[in-house]
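Participant: Make a model of this:
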Amino acid sequence: GLLIGSYNLMIEEYVSGVYHMASWGMSALYVAEGLVSACLGIWMANRKFFFKRISSYGIMYAMIGVSWVLFGLSRNLFEGAICLILFALFSAFTAPYERITMQQEVPTETRGRVFGLWTTVAMSALQVGAFFTGIIISAVGLTYVPLVIGGIQMMFGLLFLLFVRRTDRNPLQMNSSQVV
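Facilitator: So this is what the prediction gives:
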């Protein structure tokens, strides 16, 4: 959520302030990222794809941060689109894992409340990300936002990886209950 809070602001600011393009550049970036997300999401859903080890998701979380840092280093629309395509590739793997974890690990009687809390925290993190984006822009400049926020995302991914290494297992075998 923290990263996504800066996402829309950065795309708009990079197109006008860094790439020096008309607003159609934003559409090109959104289409590049969106098409990859949609195609990969459909492919994963049709194949019921999950990594065999939970630690693989830690790598994906870290790579989301890497792709965001790379976006921060981009200087033209083509570079930015490539970075957002990478962002979409890595991001597409994490959402199904998060959902299946909540479906399998959370008891049925509290699942709705946990999903609600998760959504509330995610939406709050968006606002916090936008807030930090403004602070970073004011303090050190526009191009540092993806570097700082992406760095935080990379640290999260690495911490996730370290914490799950001890109990690394297949997400589909986490619990005996089945995913609907």
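
Participant: Every contact and neighbour count from this point should use C-alpha atoms.
Facilitator: OK.

Participant: remind me which residues of the chain are low pLDDT?
Facilitator: Applying pLDDT under 70 to the chain flags residues 169-180.

Participant: So which residue is dead centre in it?
Facilitator: Nearest to the mean C-alpha position of the chain, counting by C-alpha atoms, centre = their mean, stands Ser91 at 4.6 Å.

Participant: That one and Gln127: what is the separation?
Facilitator: Distance of Ser91 to Gln127, computed by C-alpha to C-alpha, to the nearest Å: 19 Å.

Participant: ok, now Arg75?
Facilitator: Using C-alpha to C-alpha, one gets 27 Å for the distance from Arg75 to Gln127.

Participant: coming back round to it: may I ask which helix or strand encompasses the residue nearest to the centre of the chain?
Facilitator: Using DSSP states H and E, Ser91 maps to helix 77-105.

Participant: For that helix, name the packing helices and strands.
Facilitator: In this structure, helix 77-105 makes packing contacts with helix 24-47, helix 55-73, helix 111-139, judged by 3 or more C-alpha pairs under 8 Å, 6 or more residues apart in numbering; DSSP states H and E.

Participant: winner for burial among these?
Facilitator: Among the helices and strands packed on helix 77-105, helix 55-73 has the highest mean neighbour count (mean count of other C-alpha atoms under 10 Å), at a mean of 24.

Participant: Do me a favour and get the backbone dihedrals for Tyr19.
Facilitator: phi -80, psi -20 (degrees, to the nearest 10).

Participant: I'd say it and Asn76 touch.
Facilitator: Yes. Contact criterion C-alpha atoms under 8 Å: Tyr19 and Asn76 qualify, at 5.0 Å.

Participant: shared neighbours, the two?
Facilitator: Between them, Tyr19 and Asn76 have no joint contacts when contacts are counted by C-alpha atoms under 8 Å, 6 or more residues apart in numbering.

Participant: Now do the buried residues in the helix or strand containing Gly150.
Facilitator: In this structure, Gly150 sits in helix 144-164 according to DSSP H and E. Buried residues in helix 144-164, defined by neighbour count with 16 or more other C-alpha atoms under 10 Å: 144-158, 160-161, 164.
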